[in-house]
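> Sharing a model prediction with you, sequence too.
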Amino acid sequence: MGRVVLERFPAGSPRGSWPAEEYAAQRLSEGVAAEVVMDLDTDAFLVVVRQREAYSGH
């Protein structure tokens, strides 16, 4: 099953993954099963949800 990217954060940010983690935590508090993954190809932290979650309204 695929994933949908909600937001991207540059890995070179002075705060590292914190902005992505904070964004994911906000989505989780809204009931969206978001998680942070690292995209090595683009050197970015991605906040993603599983495709099924994205379309089920959660």
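Yes, it's here.
> which residues touch the residue nearest the centre of the chain?
Residue closest to the average C-alpha location in the chain (Cα atoms, centre = their mean): Val47, at 0.6 Å. The contact partners of Val47, by Cβ atoms under 8 Å, 6 or more residues apart in numbering, come to 5-9, 20, 23-24, 27, 34-36. No exception for glycine: its C-beta is placed from N, CA and C like everyone else's.
> Helices - which of those residues land there?
Members of these lying in helices (criterion: DSSP state H): 20, 23-24, 27.
> tell me which of those residues is nearest to Ser13?
Closest approach to Ser13 among the ones in helices among the contacts of Val47 (Cβ to Cβ): Ala20, at 8.8 Å.
> Give me the pLDDT for Ala33.
Ala33 carries a pLDDT value of 95.
> Going by neighbour count, which residues in stretch 36-53 are buried?
36, 44-50, 53 (16 or more other Cβ atoms under 10 Å).
> Can you tell me which of those residues is nearest Arg15?
Using Cβ to Cβ, the buried residues of stretch 36-53 come closest to Arg15 at Phe45, 10.4 Å.
> Neighbouring strands - and their directions - for the host helix or strand of that closest one?
Here Phe45 sits within strand 44-50, counting by DSSP states H and E. Here strand 44-50 is paired, per DSSP bridges, with strand 3-10 (antiparallel), strand 35-39 (antiparallel).
> Any chance of these in JSON lines with distance to Gly16 as columns?
Shown next, in JSON lines, are the strands paired with strand 44-50 (distance: least, Cβ to Cβ, whole Å):
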{"stretch": "strand 3-10", "distance to Gly16": "9"}
{"stretch": "strand 35-39", "distance to Gly16": "11"}
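> that older thread, now for the contacts of Val47, which sits with the most neighbours around it?
In terms of neighbour count, Ala20 stands highest of these at 26 neighbours, by other Cβ atoms under 10 Å.
> correct me, but it touches Ala11?
No - applying Cβ atoms under 8 Å as the test, Ala20 and Ala11 come out as separate, 9.1 Å apart.
> Show me whatever sits in contact with both of the two.
With contacts taken as Cβ under 8 Å, 6+ apart, the residues that reach both Ala20 and Ala11 are Phe45.
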